[in-house]
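A.B. asks: here is my input, please return the structure:
(one chain, ligands or ions: 1)
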Amino acid sequence: MTAAISARDLRKRYGDVHAVDGVSFEVRAGEFFGLLGPNGAGKTTTLEMVEGLRRPDEGRALLLGEPSWPRNPGLLRRVGVQLQASAFFEKLTAREQIRTFASLYGVADERADAMLAEVGLAEKAGTREDRLSGGQAQRLSIACALVHDPELVFLDEPTTGLDPQARRNLWDLLRGINAAGRTVVLTTHYMDEAEVLCDRVAVMDAGRILRVGPPAELAAELEADSLEDVFLQLTGREYRE
Ligand SMILES: Nc1ncnc2c1ncn2[C@@H]1O[C@H](COP(=O)(O)OP(=O)(O)OP(=O)(O)O)[C@@H](O)[C@H]1O
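C.D. replies: This is a model prediction of the structure:
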């Protein structure tokens, strides 16, 4: 079976900073995969190269079996990228936002409205984006990333800034997305979240992947109590928020 993602020796420098310094990993089709690391570890740059949004200095990535660079418009339909809530169109309602995203892919309004309902926002359809709660805004941005029914979805810190209850509600939504057969690639600063959601995680620091594996296996290997502990052992420091 073709890997959903196959990254080989990706490198990207900004001046003297080796943002990504030889990163290789695979994500299997249908997998829930987490990319973990502190601020500045190189997660976003890695994923942007994998997504075909940024050109690697060296190395290459296959996305759903096809090279992601040079940009490949055919892949766009098969992949969903969650944008930060700040990337919404200004002053549009939730319904108008998702219908706008849908129209970019030639997806019908009905499907957009159904997607809004699927993430529990039917009652907020007429609410402007700047009047949604943090959790509702995250749900809307996830719905927008899923509106064209992609096989693979990238979620960038989808629960940052949410209260514990809202985070847990969102976990159920993320599990459902994966259970529906989609490959999910998640970046998060929350170790507990990665532990409960991800089949496998890659721990990144300073532009490199330090370890990849299922959270429980990494913990067992390092005789650690939790993923938080794994991180501490691998990097020699507490996980920074
Ligand atoms: N466009 C850019 N120009 C210059 N330096 C950059 C640029 N983008 C990222 N960097 C630097 O590259 C390194 C990796 O950044 P990156 O955003 O990939 O990390 P990250 O793990 O996603 O961090 P965060 O968790 O804060 O989002 C950092 O040192 C960052 O300052």
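A.B. asks: what's near enough to touch the closest residue to residue 91 other than its chain neighbours?
C.D. replies: Among residues not flanking residue 91 along the chain, residue 128 sits closest, at 6.0 Å (Cβ to Cβ, 6 or more residues apart in numbering). C-beta: built from backbone N, CA, C; applies to glycine. Counting by Cβ atoms under 8 Å, 6 or more residues apart in numbering, residue 128 touches 91-94.
A.B. asks: among these, name the buried ones.
C.D. replies: 93-94 (16 or more other Cβ atoms under 10 Å).
A.B. asks: packing partners for the strand or helix carrying residue 111?
C.D. replies: Using DSSP states H and E, residue 111 falls within helix 109-118. If you count contacts as 3 or more Cβ pairs under 8 Å, 6 or more residues apart in numbering; DSSP states H and E, helix 109-118 packs onto helix 94-104, helix 134-146.
A.B. asks: so which of the ones you listed is the most surrounded?
C.D. replies: Ranked by mean neighbour count, the helices and strands packed on helix 109-118 are led by helix 134-146 with a mean of 23 (mean count of other Cβ atoms under 10 Å).
A.B. asks: which residues does that helix contact?
C.D. replies: 80-85, 87-88, 94, 97-98, 101, 115-116, 118-121, 124, 127, 129, 132, 153-155, 158-159, 161-163, 166, 169-170, 173-174, 177.
A.B. asks: tell me which of these fall in helices.
C.D. replies: Among those, the residues falling in helices (DSSP state H) are 94, 97-98, 101, 115-116, 118, 166, 169-170, 173-174, 177.
A.B. asks: among the contacts of helix 134-146, name the buried ones.
C.D. replies: 80-82, 85, 88, 94, 97-98, 101, 115-116, 118-121, 124, 127, 129, 132, 153-155, 158-159, 162, 166, 170, 173-174, 177.
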